[in-house]
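coords please:
(one chain, ligands or ions: 2)
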Amino acid sequence: MSGDLFGAADYSVNLLPSDGEVNYHGPIFGVDECGRLFEKLLAEVAWRHDEAVMFGKRIVTARKVAWYGNEGFKYTYSGTTKEALPWSDTLREIKAKVETLSGAKFNSCLLNLYHHGEEGMGWHSDDEKELARDAAIASVSLGAARKFCFKHKQSGERVDVGLENGSLLVMLGATQRYWLHRLPPSKRVKGARINLTFRLMA
Ligand SMILES: O=C(O)CCC(=O)C(=O)O
Ligand SMILES: [Fe+2]
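Ligands and ions are numbered 1, 2, ... in the order given. The predicted structure follows:
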């Protein structure tokens, strides 16, 4: 549970049975607010196609990404290095709300733009060496609702959750060490989705 006795209603439950904690808070922004934030981010963010090295080959993803942070943090994953851009007012506003609700502090944010349901993200955990060990990662979703999946690295146990427009999901503690996650592609989802993952660089 997060939130305080006298604050706005905010409930969350741990979705994982063991070896970590994933709290789904549901929508934290109203529908109109979601539309406003989606349009602002779509227009303002420095979206770029992502590059990754897979099996020794450089590939360019259909999904677009952007990386923001407190300082010019360098972040290396999948064989490419990115330097953080300074926060915009829109990102600061979202970050402040996420910090209040999660009770955690963040110094960087990776944004993903999925143009439609057929763009997704494969199994991975966010355990790069630049990230503070076991720090919270807060994921905000805007736009089309999508399914999000967890899989335990040893047992293969699966947990799925639907990520609604305007929702907040927080991954805590040992989650990245024991669980993989992915955003599966879906032919049924036609709309675009923006995802923001707030992180703490060590
Ligand atoms: O789009 C999502 O919900 C997941 C993004 C993700 O896992 C990541 O950026 O590491
Ligand atoms: Fe991730």
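
Mind listing the strands the biggest strand by length in the chain pairs with, and their directions?
In the chain, with assignment by DSSP state E, the single longest strand is strand 57-69. Each strand paired with strand 57-69, and its direction, by DSSP bridges: strand 48-54 (antiparallel), strand 85-86 (parallel), strand 108-114 (antiparallel).

From the chain's centroid, how far away is that strand?
14 Å (CA atoms, centre = their mean, to the nearest Å).

helix/strand/coil for the residue nearest to residue 158 when sequence neighbours are not counted?
Nearest residue to residue 158 in three dimensions, chain neighbours excluded: residue 151, at 5.4 Å (CB to CB, 6 or more residues apart in numbering). Yep, even glycine has a C-beta here, placed from its N, CA and C like the rest. Classification of residue 151 using DSSP: H, G, I helix; E, B strand; the rest coil returns strand.

can you tell me which residues contact residue 151?
The contact partners of residue 151, by CB atoms under 8 Å, 6 or more residues apart in numbering, come to 123, 157, 158, 179, 180, 181, 182.

beta partners of it?
residue 158, residue 180.

With residue 83 instead?
residue 74.

quick one: it and residue 71 touch, right?
No: here residue 83 lies out of contact with residue 71, judged by CB atoms under 8 Å, at a distance of 9.6 Å.

Kindly provide the whole-number mean pLDDT of stretch 68-76.
For stretch 68-76, mean pLDDT rounds to 81.

Kind regards, and thank you for your time.
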